[in-house]
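# Quick check, what structure comes out for this input:
(one chain, ligands or ions: 2)
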Amino acid sequence: MIVNKFGGTSVGDAGRFANVADIVAGQHAQTLGAVRGVPVVVVSAMATVTNQLLDGAWAAADGDVETFQSTKAALLDKHLQVVDALLRGSPDRIEVGGFVEDRLGELDRLYRSIAVLGEVTVRGLDTVASFGEQLSSTILAAVLRDRGVRAEAIHAAEVVVTDDQFGQAAPLMGRTRDRLQRRVLPLIDRGVVPVITGFIGATERGVTTTLGRGGSDFSAAIIGAGLDADEVWIWSDVDGILTADPNIVPQARTLSELSYTEAANLAYYGASVLHPKTIRPVIERGIPLRIVNSFSPTHPGTLIVETPSEGRDLLPAIISTTGLSLIAIGSHDDARGSGGWTLETAARALQRLDEAGVYVPMFSQSFSEHSLNLVVRKQDQARCLAILCREFATDREDSTCSLGVNEDVATISVVGVPGWNEMGIVSHAFAALGNHHTRVIAVAQAATEYSVSFCVPEDQMTEAVRYLHCELGLER
Ligand code: ASP
Ligand code: MG
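Ligands and ions are numbered 1, 2, ... in the order given. A predicted model of the protein is given here:
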């Protein structure tokens, strides 16, 4: 049995839904008759839907009725378009259309209560965010049935049991496994394809939780582990994990095989095709993971296993991330030992941001200049500044700290493999960026000698990545 996860872009519109249904129907036909052969599907919300849902909740908390109502209307329209396009002649059409209207009616009631309260809790946000996957899974199951594949949508709140850390819940694997075996295996045994919502879980008492943004990959790994799947396939829109983002470097090469540890490292550095939490559940059961392309289903993609084959190509990868801003905390108190200042300030800043759920993908410090650089997502910038201003009282005249912002930055990480090249990846990458005259705003190096991250102006990122890719000899 293969657990297949399809992300938001894979179900971005009616055409993409149809493509996913083709892939699943193809797999289903191939496995006909095999014991426990039917594919399992884990699906994300349609692209942008989770953001829209959450933006609607923030608007509701601000009392902005017009915005949350238009959010709801836009979501209704988006999903009904898919229903109309793909289920035109299907007996399920009325029921699925009704389900979409019903769920979004419930969303509207939820938004109204948030507006009355004038605030929204993380717990409330999880319930709001869970609507996207409920809609996409119900539609996908119906589209499969319309093609003659028996399929049933399953709300993961029924099967993925988590703790109550809303917004970032962790699965309770034993309970989850029991539920999966009881609820999902009988379907598989009857030849029915389960279409399970990604991203969502519920506490033992049944309160909806989410596993964190981008968490559907993690869901697939949890479900694969709980069902003892043969493999877990993450369907994305590129040919696996590559030496660079192929949208930037068309000649980028697929890393055909990786170990669990290497893949986890790349995911940690921001390889967007794989959520960093995905590896752990599959490692524990030794289940192979594949990253494949839903736009090009015959491409083998990247295989991730415990022990990759000996003859594989060992290549470094360049991972780039945009949509970031850099926040600098500076000190004007020269009297204090600078090392002590930076460490203490760093600890306080990182702790406060962590408590507020702000993700800090990169962090660096300069002891001599008494300054600290924090890279955060642009959408977190305002919240992050408010938190740091409160923590360090930077708005007070006698404050010893100042805050600066550098909007529109990007990070470029070069994640190498030991022994790949004699000069070492770090100095090689530095030299290349120097030759290219890229403005490097901040640098962070891993404890290992073969990974390094640069923060650069966003508008220089594309060129710098192309240059680096060529300079590191990754072009064939
Ligand atoms: N829909 C969720 C999100 O946007 C989960 C996912 O796409 O993996 O974060
Ligand atoms: Mg994703």
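# which parts of the protein sit against ligand 2?
Within the chain, the residues that sit near ligand 2 (Cβ under 5 Å from the ion) are Gly7, Gly214. Bear in mind the C-beta positions are built from the backbone N, C-alpha and C, glycine included.
# And the residue positioned nearest the centre of the chain, how close does it get to Leu117?
By Cα atoms, centre = their mean, the chain has its centre lying nearest to Gly214, at 2.7 Å. Distance of Gly214 to Leu117, given as Cβ to Cβ, to the nearest Å: 28 Å.
# Gly191 now?
Counting by Cβ to Cβ - Gly191 and Leu117 are separated by 47 Å.
# Between these two, point out the one with more neighbours.
Gly191 (15 against 12; other Cβ atoms under 10 Å).
# Which of the three states applies to the more buried one?
Under the three-state scheme (DSSP: H, G, I helix; E, B strand; the rest coil), Gly191 adopts coil.
# List the residues that contact it.
Going by Cβ atoms under 8 Å, 6 or more residues apart in numbering, Gly191 touches Val38, Arg150.
# ok and the residue in the stretch 201-350 of the chain nearest ligand 1?
Of all residues in the stretch 201-350 of the chain, the one sitting closest to ligand 1 is Ser216 (3.2 Å; Cβ to the nearest ligand atom).
# And the closest residue to that residue other than its chain neighbours, what's its pLDDT?
Nearest residue to Ser216, sequence neighbours excluded (Cβ to Cβ, 6 or more residues apart in numbering): Gly198, at 2.7 Å. Here, the pLDDT recorded for Gly198 equals 98.
# same check, this time on Glu369
pLDDT recorded at Glu369 is 68.
# Ok, Ala335 next?
55.
# Could you list the residues of the stretch 301-450 of the chain in contact with ligand 1?
Within reach of ligand 1 by Cβ under 6 Å from any ligand atom, the stretch 301-450 of the chain has no residues at all.
# List the contacts of whatever residue of the stretch 301-450 of the chain ends up closest to ligand 2.
Closest residue of the stretch 301-450 of the chain to ligand 2, Cβ to the ion: Thr321 (13.3 Å). Contacts here follow Cβ under 8 Å, 6+ apart; on that basis Thr321 touches Gly270, Ser272, Pro361, Ala410, Thr411.
# The third one contacts Tyr268, doesn't it?
By that I understand Pro361. No - using Cβ atoms under 8 Å as the test, Pro361 is too far from Tyr268 to be in contact (9.6 Å).
# quick one on the thing from earlier: show me what contacts the residue nearest to Ser216?
Taking Cβ under 8 Å, 6+ apart, one finds Lys5, Val42, Val43, Ser44, Glu133, Ala156, Gly215, Ser216, Asp217, Ser219, Ala220 in contact with Gly198.
# Tell me which of those fall in helices.
Of those, the ones assigned to helices by DSSP state H are Glu133, Ser216, Asp217, Ser219, Ala220.
# Let me have those in JSON lines, adding distance to Ala151 as columns.
Output for these, formatted as JSON lines (distance: Cβ to Cβ, whole Å):
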{"residue": "Glu133", "distance to Ala151": "15"}
{"residue": "Ser216", "distance to Ala151": "18"}
{"residue": "Asp217", "distance to Ala151": "21"}
{"residue": "Ser219", "distance to Ala151": "18"}
{"residue": "Ala220", "distance to Ala151": "17"}
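# So which of those residues is the closest to Ile279?
Asp217 (9.6 Å; Cβ to Cβ).
# on contacts alone, who are the packing partners of the worst-scoring helix or strand of the chain on mean pLDDT?
The helix or strand of the chain with the lowest confidence, counting by mean pLDDT, DSSP states H and E, is helix 338-355 at a mean of 82. Applying 3 or more Cβ pairs under 8 Å, 6 or more residues apart in numbering; DSSP states H and E, one finds that helix 338-355 contacts strand 317-331, strand 362-366, strand 371-377, helix 381-392.
# could you redo the last one with a cut-off of 7 Å?
strand 317-331, strand 371-377, helix 381-392 (3 or more Cβ pairs under 7 Å, 6 or more residues apart in numbering; DSSP states H and E).
# Which residue ranges of the stretch 1-150 of the chain form helices?
With helices called from DSSP state H, counting those that start in this stretch, the stretch 1-150 of the chain shows them at 14-30, 49-61, 65-86, 93-117, 122-129, 131-146.
# Out of those, flag the one nearest Arg396.
Ranking those by distance to Arg396, with Cβ to Cβ as the measure, places helix 49-61 first at 28.8 Å.
# out of the contacts of Gly198, which one sits closest to Thr278?
Thr278 has its nearest neighbour among the contacts of Gly198 in Asp217, at 4.3 Å by Cβ to Cβ.
# show me the residues around that closest one that make contact.
By Cβ atoms under 7 Å, 6 or more residues apart in numbering, Asp217 lies in contact with Lys5, Ile234, Leu274, His275, Thr278.
# related to what we said a few turns ago, would a markdown table of the helices of the stretch 1-150 of the chain with distance to Thr298 and mean pLDDT be doable?
Below are the helices of the stretch 1-150 of the chain laid out as a markdown table (distance: least, Cβ to Cβ, whole Å; pLDDT from 0 to 100):
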| stretch | distance to Thr298 | mean pLDDT |
| --- | --- | --- |
| helix 14-30 | 10 | 96 |
| helix 49-61 | 29 | 95 |
| helix 65-86 | 24 | 98 |
| helix 93-117 | 31 | 98 |
| helix 122-129 | 34 | 96 |
| helix 131-146 | 21 | 98 |
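# Can you tell me which of those helices is packed in deepest?
Compared across the helices of the stretch 1-150 of the chain, helix 131-146 shows the largest average neighbour count, a mean of 26 (mean count of other Cβ atoms under 10 Å).
# ranges for the strands of the stretch 201-350 of the chain?
Using DSSP state E, counting those that start in this stretch, the strands of the stretch 201-350 of the chain run over 208-210, 231-236, 257-259, 289-293, 302-305, 317-331.
# which of those is buried the deepest?
Most buried among those, given mean count of other Cβ under 10 Å as the contact rule, is strand 208-210, at a mean of 27.
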